[in-house]
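[1] Model the following, please.
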Amino acid sequence: MVRLVLTWLTNVAALFVASWVIPGVGYGDDGWALALAGLVLAGVNGLVRPVVVLLALPAVVLTLGLALLLVSALMLYLTDLIVPGFETGGFWSTVGAAIVVWAVNVVLHVVFRSERRSLAAG
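    Below you'll find the model as predicted:
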């Protein structure tokens, strides 16, 4: 349960940053749309992404993992389709948003991981 909440919160932060940095990505200044988009993205990444990665495995291997960026963009596009008020714009803004979401999630997971380790140690 804690992991789901952490994933949801990091996705919300990542989508917020992506909407701030990438033109065309937005949530209409509606906090509920942003919160719902973070939750849907967590669900899509947990349920749909593994199947898509498995189906795209030959492309992932041939492109040395670059195809995973397109898979991430597809997950953002699915979130766009599901959540009213959340928009990813066109193809390139969706790819850019996927890069921003990935980068923010990496940074936040490193921060939270080191925080958990320091709490466990002392």
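[2] From here on, just use CA atoms for contacts and neighbour counts.
    Will do.
[3] any idea how far the residue nearest in space to the middle of the chain is from Thr7?
    Nearest residue to the geometric centre of the chain (C-alpha atoms, centre = their mean): Val101, 4.9 Å. The gap separating Val101 from Thr7 is 12 Å, by C-alpha to C-alpha, to the nearest Å.
[4] got it, and Ala37?
    Using C-alpha to C-alpha, one gets 12 Å for the distance from Ala37 to Thr7.
[5] List the contacts of Val44.
    Met75, Leu78, Thr79 (C-alpha atoms under 8 Å, 6 or more residues apart in numbering).
[6] Filter the residues you listed down to just the ones in helices.
    The helices, defined by DSSP state H, take in Met75, Leu78, Thr79 from the contacts of Val44.
[7] Tell me how many other residues surround the first one.
    Neighbouring residues of Met75 were enumerated by other C-alpha atoms under 10 Å; the total is 23.
[8] Mean pLDDT per helix and strand in this protein: which one sits at the bottom?
    helix 91-121 (a mean of 89; mean pLDDT, DSSP states H and E).
[9] Can you list the buried residues in that helix?
    Using 16 or more other C-alpha atoms under 10 Å as the burial criterion, the residues of helix 91-121 that qualify are 93-102, 104-105, 108.
[10] rewinding a little: which one of the ones in helices among the contacts of Val44 is nearest Val52?
    Val52 lies nearest to Met75 out of the ones in helices among the contacts of Val44, by C-alpha to C-alpha, at 9.5 Å.
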